[in-house]
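In: Below are the sequence and a predicted model; questions follow.
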Amino acid sequence: GLAAVAALAVAGAGGGPPPPAAEPVTDGEVRAAVQRFSDAYAHEDPGALGRVLTSDVVRVLPGGRQQGRAAVVAEYARQFDSMDITGYTVSGIDGRGGDAGRAEGDYTVRRASAAPFGGHLVLGVVKERGKVRIRLIAATPT
């Protein structure tokens, strides 16, 4: 399930020493990360998306999975090329801080030439070298 995916994402390749203790993120930092992600998607800006993601980010959807910033950003860039996105919002956000913050809500993608679509979104948020970033993206389209 999602917990196993999150555990794998946090565990990384394994075998080495444990990572240094996490620097906690606040509820406000979690909400700000969600907003930065949403703004980058709405503006079809792969560079801004890359800046809000950790280097080892994992994106999981029912139809596939990408791991690592380059793979995840490439998938979003592919979406941007194929859809004329006019907006992206995440509503009903339940965001909680901690060693690994978590945000959950419903997303809606609006497009110029087709009906909007959306679903449920869970984001895992951490501090990476002092910067608040997203480490896990789990989306379930409706």
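Out: On my side now, so go ahead.

In: all helices of this structure, in order?
Out: For the chain, applying DSSP state H gives helices covering 2-11, 27-42, 46-52, 69-82.

In: Ranking helices and strands of the protein by mean pLDDT, which lands last?
Out: Ranking every helix and strand in the chain by mean pLDDT, DSSP states H and E puts helix 2-11 at the bottom, with a mean of 49.

In: Listing request: residues of the protein with sub-threshold pLDDT.
Out: Low-confidence segments of the chain (pLDDT under 70): 1-22.

In: if we can go back for a sec, distance to R96 and mean neighbour count added to the helices of the chain, as CSV?
Out: Yep, even glycine has a C-beta here, placed from its N, CA and C like the rest. Compiled in CSV, the helices of the chain are given as follows (distance: least, CB to CB, whole Å; neighbours: other CB atoms under 10 Å):
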stretch, distance to R96, mean neighbour count
helix 2-11, 14, 13
helix 27-42, 6, 19
helix 46-52, 18, 18
helix 69-82, 23, 15
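
In: Let me have the ones you listed in TSV, extended by distance to D99.
Out: Output for the helices of the chain, formatted as TSV (distance: least, CB to CB, whole Å):
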stretch	distance to D99
helix 2-11	10
helix 27-42	12
helix 46-52	19
helix 69-82	21
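
In: Tell me which of the ones you listed lies nearest to G124.
Out: Nearest of these to G124, taken as CB to CB: helix 2-11 at 5.8 Å.

In: Now do the phi/psi pair for A112.
Out: phi -70, psi -40 (degrees, to the nearest 10).

In: count of residues packed around it?
Out: 9 (other CB atoms under 10 Å).

In: cool, and I137?
Out: I137: 20 neighbours (other CB under 10 Å).

In: contacting residues for the residue nearest to it when sequence neighbours are not counted?
Out: Counting by CB to CB, 6 or more residues apart in numbering, R59 is the residue found nearest to I137 once chain neighbours are left out, at 4.3 Å. When contacts are counted by CB atoms under 8 Å, 6 or more residues apart in numbering, R59 touches 65-67, 72, 75, 137-139.
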